[in-house]
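*Asks:* Give me the fold of what follows.
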Amino acid sequence: RFRLAGNERRLPGETEVGIFRIVQEALWNSERHSKASRVAITITFRESETGVEIMDNGVGFNVQGLDYFPATGQLGIIGMRERAELLGGELRIQSHPGRGTKVIASIPSPAGIVEAAPAT
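*Replies:* Below is the predicted model of the structure:
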């Protein structure tokens, strides 16, 4: 499921690519690891930031083990976090075994972005 909220607008190219890559990695992780039957993506345009949320109903995992992933070569979550930080934002993971996973990215909106013109 995909949902847009707020006043949709174009973002700088590097921001759009960064958000795309975060969503892509989250979907890839969900497909490979979660055994989910549903995934929902929400992009929310706010005045000061763009929020991205990817949530699945999969098996979940213990987020306290996130520090363990680099040693195992599981770099997807670290890569998503680094992409968000390079854009001046942050990434959080919420998950519990048996209760799915939610990836939340908040990316600040650069000043001076013009709203997209309404479709005709």
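*Asks:* Which positions in the longest helix that the chain contains come out as buried?
*Replies:* Secondary structure of the chain read by DSSP state H shows that its longest helix is helix 13-29. Of the residues in helix 13-29, T15, G18, I19, I22, V23, E25, A26, L27, N29 count as buried by neighbour count, 16 or more other CB atoms under 10 Å. Just so you know, the C-beta spots here come from the backbone N, C-alpha and C atoms, and that holds for glycine as well.
*Asks:* farthest pair in those?
*Replies:* The most widely separated members of those are T15 and N29, with 21.4 Å between them, by CB to CB.
*Asks:* hang on, the earlier thing: okay, the buried residues of helix 13-29 in JSON lines with distance to P108 and pLDDT next?
*Replies:* Below are those laid out as JSON lines (distance: CB to CB, whole Å; pLDDT from 0 to 100):
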{"residue": "T15", "distance to P108": "9", "pLDDT": "96"}
{"residue": "G18", "distance to P108": "12", "pLDDT": "97"}
{"residue": "I19", "distance to P108": "12", "pLDDT": "97"}
{"residue": "I22", "distance to P108": "14", "pLDDT": "97"}
{"residue": "V23", "distance to P108": "18", "pLDDT": "97"}
{"residue": "E25", "distance to P108": "20", "pLDDT": "95"}
{"residue": "A26", "distance to P108": "20", "pLDDT": "96"}
{"residue": "L27", "distance to P108": "23", "pLDDT": "96"}
{"residue": "N29", "distance to P108": "24", "pLDDT": "92"}
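*Asks:* Make CSV from these and add distance to F61 to it.
*Replies:* Shown next, in CSV, are the buried residues of helix 13-29 (distance: CB to CB, whole Å):
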residue, distance to F61
T15, 28
G18, 24
I19, 23
I22, 18
V23, 19
E25, 15
A26, 13
L27, 16
N29, 10
